[in-house]
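J.: sequence first, then the predicted structure, then my questions.
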Amino acid sequence: MRRRRDDEEPEKTPLVKEIPPKARDLSEWYQAVCYKAQLVSLAPVRGCVVLRPYGFALWERLQATLDGRFKATGHENAYFPLLIPERLLSREAEHVEGFAPEVAWVTQGGGETLTERLAIRPTSEVVIGTMYAEWLQSYRDLPILINQWANVVRWEKRTRPFLRTLEFLWQEGHTAHATEREAADEVQQMLGIYADVAEDVVAVPVYAGEKSQSERFAGATHTFSIEALMPDGRALQAATSHELGQNFARAYNITFSAEDQTLQHAWTTSWGMSWRMIGAMIMVHGDDRGLRIPPRMAPYEAVIVPISGTDGADVANAARTLLATLRDAGIRAKLDDRMALRPGAKFADWDIRGVPLRIEIGAKDLRDGVVTFVRRDREKGEEGAKTVCPSDDVPARIPELMDDIQRSLYKQARTFLIEHTIATQDRAEFYRLCRERAGMIEIAWCERPECEAHVKVETSATTRVLRVRHGGDTVCTACGEPAVGRAYFAQSY
Ligand SMILES: [Zn+2]
């Protein structure tokens, strides 16, 4: 057998001594932070990462907030198999063509060659659609609103923790509806939830909108996404929501008898957000010291660091009492009582891990009846970075402080997005801005695939999302043909 790159030894997780400056090389900084903050390790299999406990805790925060919103909008969770028989996968032609290059196949099982290859799911429209065909009888069974929390495999060549890995965690929602209108409303509702979670919880501002024809999900009639802007001027697609029309319903016989007794095909949708959102959070908010986690995403909102001198026992007791008080108040708090580490080393450690608030208690603080607050969102020495709080006020002060840190991180990211969203009507300038990765470049656009392909060849940039459509009299900034709307272009991850 021909030896492939895939058979090569996987890389070992590099040992990170120092986090390099973020502005020097974003990619190098990003990987260093992921490893140093102990979010992930490279796995013993090429292209995969191990999600370590702190990384998994971030995923659990994202999962909980999404899951709550899905359930509040009437969705239920279910689970479907990892393996998909080849004959099922090949039924929706455009879908299988779109995914074919990324699919991993199981060809052997129990020591025998299988009579039919099994695909490891790259996404689950096929297997879920097959079950909907079996379950759905009447219009009374509609809508079907199901979400699955799962892992999927897409055979990627390059690995970047959270952003691109061979196996990744996500949720995929799959719904079936009686009418096109209902399916379209569902897709917009879920896009709205994604945008809300990105902005309100992860503090990452996004542009939400429809994708161009060439950026559409394989087999969809309309694809919508949320797009965030990374510090290097590249866009990152953070979630997608698809109208599948009746394409999958026709391929997989998802039919129902309507009120007028006619047999009709259902209108289906799918939508997903993956752990990529965590990658966006790291890149957007992190700094030269490491992660800065928005409080609503933080596994720990506050870490208590006792600074023990000769009165070590009293300080340690006070720290333990404070931990209990905070936990009783519903605050996610952690006590760093590691004896072997000096306070300075602990500070650096929690800075790397991005905990929004550090609470220091020393012997003098104890005598004065106060603690010291240190905010992770402010620079060292910046006004308000370090404040003193009376011990009794701590549980009451933390929630307002968390809101303030959440807002301040969002505001910084929002300012960056706005400053790097550039509208232009000049063709030469447009191509230059795309090449220079200046950010989200907004132009009047013709929506022709040929035009988008030309821009991509010339600059590596693609449309991220379409903005308003209009029947105006403008011309496309990129090619000079009549424009039908406006669009954001950017290079992307
Ligand atoms: Zn054009």
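T.: Sure thing, it's come through.

J.: measure Ser460 to Arg437 for me?
T.: Separation of Ser460 from Arg437 (CB to CB, to the nearest Å) stands at 9 Å. (Each C-beta comes from the backbone N, C-alpha and C, glycine too.)

J.: give me the common contacts of those two.
T.: Taking CB atoms under 8 Å, 6 or more residues apart in numbering as the criterion, Ser460 and Arg437 both touch Gln491.

J.: who's more crowded, those two?
T.: Applying other CB atoms under 10 Å to Ser460 and Arg437 shows that Arg437 carries more neighbours, namely 19 against 14.

J.: ok, for that one, nearest residue in space, not its chain neighbours?
T.: What sits nearest to Arg437 in space, not counting adjacent residues and going by CB to CB, 6 or more residues apart in numbering, is Gly233, at 3.5 Å.

J.: same check on His75?
T.: In space, His75 is closest to Leu145, 4.4 Å off (CB to CB, 6+ apart).

J.: read off the pLDDT value for that neighbour.
T.: pLDDT recorded at Leu145 is 98.

J.: got it, and Lys17?
T.: So, for Lys17, pLDDT stands at 87.

J.: what's across from the residue nearest to His75 in the sheet?
T.: Thr175 (DSSP bridges).

J.: need the contact list for it.
T.: Leu145 neighbours (CB under 8 Å, 6+ apart): 73-76, 173, 175, 186.

J.: what about the strands in the stretch 351-493 of the chain?
T.: All strands of the stretch 351-493 of the chain, identified by DSSP state E, counting those that start in this stretch, fall at 357-362, 370-375, 386-390, 421-423, 440-445, 462-469, 485-490.

J.: let's have those in JSON lines, adding distance to Met339, mean pLDDT and mean neighbour count.
T.: Listed next are those as JSON lines, based on distance: least, CB to CB, whole Å; pLDDT from 0 to 100; neighbours: other CB atoms under 10 Å:
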{"stretch": "strand 357-362", "distance to Met339": "16", "mean pLDDT": "96", "mean neighbour count": "22"}
{"stretch": "strand 370-375", "distance to Met339": "20", "mean pLDDT": "97", "mean neighbour count": "20"}
{"stretch": "strand 386-390", "distance to Met339": "25", "mean pLDDT": "96", "mean neighbour count": "14"}
{"stretch": "strand 421-423", "distance to Met339": "50", "mean pLDDT": "96", "mean neighbour count": "15"}
{"stretch": "strand 440-445", "distance to Met339": "50", "mean pLDDT": "96", "mean neighbour count": "25"}
{"stretch": "strand 462-469", "distance to Met339": "50", "mean pLDDT": "89", "mean neighbour count": "20"}
{"stretch": "strand 485-490", "distance to Met339": "49", "mean pLDDT": "96", "mean neighbour count": "25"}
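
J.: in JSON lines: the ones you listed, plus distance to Ile226.
T.: Compiled in JSON lines, the strands of the stretch 351-493 of the chain are given as follows (distance: least, CB to CB, whole Å):
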{"stretch": "strand 357-362", "distance to Ile226": "28"}
{"stretch": "strand 370-375", "distance to Ile226": "28"}
{"stretch": "strand 386-390", "distance to Ile226": "35"}
{"stretch": "strand 421-423", "distance to Ile226": "15"}
{"stretch": "strand 440-445", "distance to Ile226": "13"}
{"stretch": "strand 462-469", "distance to Ile226": "8"}
{"stretch": "strand 485-490", "distance to Ile226": "12"}
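
J.: of these, which is nearest the ion?
T.: strand 440-445 (5.8 Å; CB to the ion).

J.: quick one: mean pLDDT for stretch 294-301?
T.: Computed over stretch 294-301, the average pLDDT equals 98.

J.: only alpha carbons, please: show it as CSV.
T.: Coordinates of each C-alpha in stretch 294-301 appear next as CSV, following Å, rounded to 0.1, in the frame of the first residue of the first chain:
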residue,chain,number,x,y,z
PRO,A,294,-15.5,36.2,29.5
PRO,A,295,-17.2,35.5,32.9
ARG,A,296,-20.3,33.8,31.4
MET,A,297,-18.0,31.2,29.7
ALA,A,298,-15.6,30.9,32.6
PRO,A,299,-15.3,27.5,34.4
TYR,A,300,-14.2,29.6,37.4
GLU,A,301,-15.4,33.2,37.8
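
J.: and stretch 192-204, how far apart are its ends?
T.: Here the two ends of stretch 192-204 are set 14 Å apart, with distance taken as CA to CA, to the nearest Å.

J.: and for it, what's in contact with it?
T.: 61-62, 65-66, 69-70, 73, 205-206, 208, 226, 228, 238-239, 241, 271, 273, 277, 280-281, 284-285, 294, 296-297, 406, 409-410, 413.

J.: how about stretch 36-47?
T.: 6, 8-13, 16, 19, 33-35, 48-55, 58, 155-157, 159, 161-162, 165-167, 278, 282, 290-291, 352-354.

J.: same thing with stretch 486-493?
T.: 160, 163-164, 207, 209, 212, 227, 229-230, 233-237, 421, 430, 434, 437, 439-445, 447, 455, 459-468, 470, 478.

J.: how about a cut-off of 6 Å?
T.: 163, 207, 234-236, 434, 437, 440-442, 444-445, 460-461, 463-468 (CB atoms under 6 Å, 6 or more residues apart in numbering).

J.: one more: stretch 80-89?
T.: 96, 116-119, 121, 124, 126-128, 148.
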